[in-house]
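> my questions concern the predicted model and sequence given below.
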Amino acid sequence: MSQIRTIKGTHDILPGETDRWQFLEKIIHDIGSMFGYQEIRTPIFEETKLFSRSVGEDTDIVSKEMYSWKDRDGTDLTLRPELTAPVVRSFIQHSLGTSAPVQRLYYIGPSFRRERPQKGRQRQFHQFGFEAFGSGNPEQDAEIIAIAWQILSELKLNESTALQLNSIGSKDCRMAYREALKEFIRPNLDQFSEISQKRFNTNPLRIMDTKAAHEKKILEGAPSISEFYSDEDTRHLESVQNFLSVMNIPFGFNPGLVRGLDYYTRTVFEFTSDLLGAQDALLGGGRYDNLVETLGGRYTPGIGFAAGMERFLMVMKGSGQKSTISKAFIYFVCSNEEILPTALFLSDGLRKAGFSVITDPLRRSMKAQMREANKLNARYALILGDTEVEQNTIQVKDLKVGDQVSISQSDLIHHFQHLTK
Ligand code: HAM
């Protein structure tokens, strides 16, 4: 009798390997709680239209890589190829947006894409990801990228990875760009491949993603999306870059980065690794301000990323040590926009020292932020106003005991290490 084996592109994770998986999962959970994110688990199959409406009908994922079938009652079902759309579906279905103005969620689980298997590419693979709903501000983009960076740092992978950043603008900007790009390509359209010609009508932006050398050559003089940014798009991108610099996160600007899913707006990014082969994308993500609305919810901006766990495990050396993240929970209250770089710099330092810190990405009043700190059961509130910034100090309020002290910003980490000893 022939032996029954795993299906092409799927793998058993054997007892000798599971400790490394658990180690990676532990880091994801720890860093999730360090940034105030909570885990969400959604089913592995969903209605097919969830993905065609979000990821996009003519993307590679939806047009040729999904495992889809008709259920006995005629419903079209699909094994999830990614988790952002299911998380958004769940966010809408359970009105998560009404329970808190910012929802911070993360997940770990299998995804399915019928791609040609090769090193770093499976048909069943595992993703972990982080998604933040409710803030359209650039500090939220910076926080999401900082989470990815923190995970890479914890695994000592940040030296071998490179962050590429781009903005594909808001919806209006992309509409104008789309037309300009078509105008540019039209005279040479017959020199493009069949797939690029199809994309010319459905999604011309994706032609920029071509790997074909002769197509790349024609596209050299193509207009750039940045020429079509609105003032707000430009400001948003500049702020994201500024905040990343404040947190010492190195990045390269790559105007050619478009990503293979249709739901993105403005910020898109990818971390690639030197240690991977041809499939060098370790992690990718971006902002998706219209997705909640597209899927039938109320307008809610969002941003997130997902990473391939098998790819992480390929580049991780050894099984690592136990992570040392403490749970002392700090809410960072920041008085105004000008102070944001200082607030981001200080909270980043605290997290690197192992403390759990939440910052407000909605630019609410200090009073509202204090209310939120209490609601979330934070143990400490850090208060940073103009006076404190001028004097290089910060107020530390113990929300349990009620007392408040002013300390020098340079003593902040030491102060918390002492408090939580
Ligand atoms: P994605 O770029 O399609 O984005 O996938 C994210 C990561 O999943 C990739 O960087 C790669 O590490 C891994 N991956 C993808 N396909 C495979 C495969 N066949 N085998 C192994 N690993 C793979 C998304 O899925 C978006 N949902 C990311 C996101 C979240 N955007 C906003 N929020």
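Happy to help now that I have it.
> what's near enough to touch Glu47?
Under the criterion of C-beta atoms under 8 Å, 6 or more residues apart in numbering, the neighbours of Glu47 are Thr75, Asp76, Leu77, Thr78. The way it works is simple: take the backbone N, C-alpha and C, and place the C-beta from them, glycine included.
> actually Phe128, sorry about that
Contacts of Phe128 were listed using C-beta under 8 Å, 6+ apart, and they are Leu24, Glu25, Ile28, Tyr106, Tyr107, Ile108, Ala306, Ala307, Met309.
> chain neighbours aside, what residue packs nearest to the second one?
Using C-beta to C-beta, 6 or more residues apart in numbering and skipping residues adjacent in sequence, the residue nearest Glu25 is Ile108, 6.0 Å away.
> surely the one you found and Phe312 touch.
No - look at Ile108 against Phe312 with C-beta atoms under 8 Å: they stay out of range, at 11.3 Å.
> so those two - more neighbours on which side?
More crowded of Ile108 and Phe312, by other C-beta atoms under 10 Å: Phe312, with 24 against 20.
> name the element the closest residue to that one other than its chain neighbours belongs to?
Residue nearest to Phe312 in three dimensions, not counting chain neighbours: Leu24, with 6.0 Å by C-beta to C-beta, 6+ apart. Using DSSP states H and E, Leu24 maps to helix 15-34.
> bridging residues for Gly129?
Using DSSP bridges, the bridge partners assigned to Gly129 are Tyr107, Ala306.
> what sits against it?
By C-beta under 8 Å, 6+ apart, Gly129 lies in contact with Leu83, Thr84, Val87, Tyr106, Tyr107, Gly285, Gly304, Phe305, Ala306, Ala307.
> same for the ligand: which of those are within range?
Subset of the contacts of Gly129 in contact with the ligand: Thr84, Gly285, Gly304, Phe305, Ala306, Ala307, counting by C-beta under 6 Å from any ligand atom.
> neighbour-wise, which one of those residues leads?
Within those, neighbour counts (other C-beta under 10 Å) peak at Gly285, which reaches 27 neighbours.
> distance of the closest residue to the ligand within the stretch 101-250 of the chain from Leu83?
Going by C-beta to the nearest ligand atom, the ligand is nearest to Phe125 of the stretch 101-250 of the chain, at 3.5 Å. Applying C-beta to C-beta, to the nearest Å, the value for Phe125 to Leu83 is 12 Å.
> cool, Asn374 as well?
Distance, Asn374 to Leu83, by C-beta to C-beta: 32 Å.
> re the thing from before, give me the helices and strands touching the helix holding Leu24, please.
Secondary-structure packing of helix 15-34 (3 or more C-beta pairs under 8 Å, 6 or more residues apart in numbering; DSSP states H and E): strand 38-39, strand 103-112, strand 124-133, helix 138-154, helix 309-315, strand 356-359.
> pull the number of nearby residues for Arg116.
Neighbours of Arg116 (other C-beta under 10 Å): 9.
> ok, now Asp19?
11.
> what score does it have for pLDDT?
Asp19 is assigned a predicted lDDT (pLDDT) of 92.
> what's the pLDDT at Ser230?
With respect to pLDDT, Ser230 scores 96.
> can you check Gly402 too?
93.
> would you confirm that it belongs to a helix?
No - Gly402 is assigned coil when assessed by DSSP: H, G, I helix; E, B strand; the rest coil, not a helix.
> turn the contacts of Gly129 into TSV, including pLDDT and distance to Leu291.
Listed next are the contacts of Gly129 as TSV, based on pLDDT from 0 to 100; distance: C-beta to C-beta, whole Å:
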residue	pLDDT	distance to Leu291
Leu83	98	13
Thr84	98	8
Val87	98	10
Tyr106	98	17
Tyr107	98	16
Gly285	98	13
Gly304	98	10
Phe305	98	14
Ala306	98	14
Ala307	98	19
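> how's the protein carved up into domains?
18-170+230-315, 171-227, 329-419 (automatic domain parsing).
> looking at these, which is buried most?
Among the domains of the chain, ranked by average contacts under mean count of other C-beta atoms under 10 Å, first place goes to domain 18-170+230-315 (a mean of 19).
> quick one, what contacts Glu238?
By C-beta under 8 Å, 6+ apart, no residues touch Glu238.
> I would like the residues contacting the host helix or strand of Gly285, please.
Applying DSSP H and E as the criterion places Gly285 in strand 281-287. For strand 281-287, contacts defined as C-beta under 8 Å, 6+ apart pick out 129, 136, 141, 144, 148, 152, 157, 161, 168, 259, 264-273, 276, 301-308, 311-312, 315.
> kindly recompute the last result at 7 Å.
Contacting residues not belonging to strand 281-287 are listed as 141, 144, 148, 161, 259, 264-273, 276, 303-308, 311-312 [C-beta atoms under 7 Å, 6 or more residues apart in numbering].
> and the next element down the chain from that strand?
Defined by DSSP H and E, the subsequent element after strand 281-287 is helix 291-294.
> does that next one come close to the ligand?
No - judged by C-beta under 6 Å from any ligand atom, helix 291-294 stays clear of the ligand, getting no closer than 8.8 Å.
> repeat that for stretch 26-38.
No - Stretch 26-38 lies out of reach of the ligand by C-beta under 6 Å from any ligand atom, never closer than 12.7 Å.
> output that stretch as CSV, restricted to C-alpha atoms.
Provided in CSV are the C-alpha atoms of stretch 26-38 (Å, rounded to 0.1, in the frame of the first residue of the first chain):
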residue,chain,number,x,y,z
LYS,A,26,6.7,33.7,23.5
ILE,A,27,8.6,36.7,22.1
ILE,A,28,5.5,37.7,20.0
HIS,A,29,3.2,37.4,23.1
ASP,A,30,5.7,39.4,25.3
ILE,A,31,6.3,42.1,22.8
GLY,A,32,2.5,42.3,22.1
SER,A,33,1.9,43.0,25.8
MET,A,34,4.9,45.4,25.9
PHE,A,35,3.0,47.6,23.4
GLY,A,36,-0.4,46.9,24.9
TYR,A,37,-1.7,44.6,22.1
GLN,A,38,-4.1,41.8,22.7
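> for the stretch 151-300 of the chain, which segments count as strands?
When secondary structure is read from DSSP state E, counting those that start in this stretch, the stretch 151-300 of the chain shows strands at 161-167, 252-253, 265-273, 281-287.
> let's have those strands in CSV, adding distance to Phe45.
Output for the strands of the stretch 151-300 of the chain, formatted as CSV (distance: least, C-beta to C-beta, whole Å):
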stretch, distance to Phe45
strand 161-167, 32
strand 252-253, 38
strand 265-273, 27
strand 281-287, 23
